[in-house]
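**Q** structure, please.
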Amino acid sequence: MTVVEVRDLRKVFGKKEALRGVTFEVKEGEIFGLIGPNGAGKTTTLRIISTLLKPTSGTVKVYGVDVTEKPEEVRKMIAYLPEESDIYLRLTGYENLKFYAMIYFNDPKEVEEAVKRGIEISDLSPEDLKRLTKTYSKGMRRRVALARTLMVRPKLAILDEPTSGLDVYSAIKVRNVIKRFVQETGYSVILSSHNMLEVEYLCDRVAFINKGRIVNIGKPQELKEMYNAKNLEEAFVKAVEVSEVAA
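**A** Model prediction:
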């Protein structure tokens, strides 16, 4: 089943064309990676899918619902974690999770269940959850931010650089949480990342994006074989070179 359908997506900011005909699909139960350098159009694409930006032209549908025509309906199915997302530093870890659960759910039982999931996802100790999050490390804050995103069980989780700035230990924990979320729910994830090892570990398929265009899409192993590359990073560089020659 197709969860996300992006067709000929274009976005112009003033005189800059950020997206130039982006097209791809995301399937149910899939972790789909959007990979490219800074300024390639990754975050713009994710924000349009998240209903935070309107496209200049083209269409995006989530479970068949157009994000421009019915954004409120789309928002009920998704959760978005921006790269620079933070949490409320004057609240404890537990209070952060409960606050966000109360935004999504009216039923106290659903709130309680969501908070329990959030605690499990964050993997923080009872003592840490009682502390104000202003005392947390960046890795701990990011785990709470990810927990609040996934604990509501969105049909589509949109994660922009989920492990950005994290140490190795924290990054591994976050990756495992994302992987487990998809395995347990059967739902889908779109993520962007600069970490190619992370992408190879997490993603079922990836789209290489450069200068607002999709260069190629495929499974990590397929792309490495296609470009005779030792790793995904090398495959990306070769894919960009081929596309620029063709252009």
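
**Q** tell me the pLDDT at the residue most central in space within the chain?
**A** For the chain, the residue lying nearest the average C-alpha position, counting by Cα atoms, centre = their mean, turns out to be residue 159 (1.9 Å). On pLDDT, residue 159 comes in at 96.

**Q** list the strands paired with the helix or strand where it lies, with their directions.
**A** Element membership of residue 159, judged by DSSP states H and E, is strand 156-160. Strand 156-160 pairs in its sheet with strand 78-81 (parallel), strand 188-192 (parallel), by DSSP bridges.

**Q** whichever helix or strand comes after it: which residues count as buried?
**A** Counting by DSSP H and E, the next helix or strand C-terminal to strand 156-160 is helix 168-185. Using 16 or more other Cβ atoms under 10 Å as the test for burial, helix 168-185 gives 170, 171, 173, 174, 175, 177, 178, 181, 182. Where C-beta positions appear, they are placed from N, C-alpha and C, glycine not excepted.

**Q** is the first one in contact with residue 139, as I believe?
**A** Yes - with the criterion set as Cβ atoms under 8 Å, residue 170 and residue 139 qualify as a contacting pair; they are 3.1 Å apart.

**Q** quick one: which of the strands paired with strand 156-160 is nearest residue 40?
**A** Of all the strands paired with strand 156-160, the one in closest proximity to residue 40, counting by Cβ to Cβ, is strand 188-192 (9.2 Å).

**Q** just the buried positions in the very next helix or strand once past that closest one, please.
**A** Tracing the chain past strand 188-192, the next element assigned as helix or strand by DSSP H and E is helix 196-202. For helix 196-202, a neighbour-count test (16+ other Cβ under 10 Å) marks 196, 198, 199, 200, 202 as buried.
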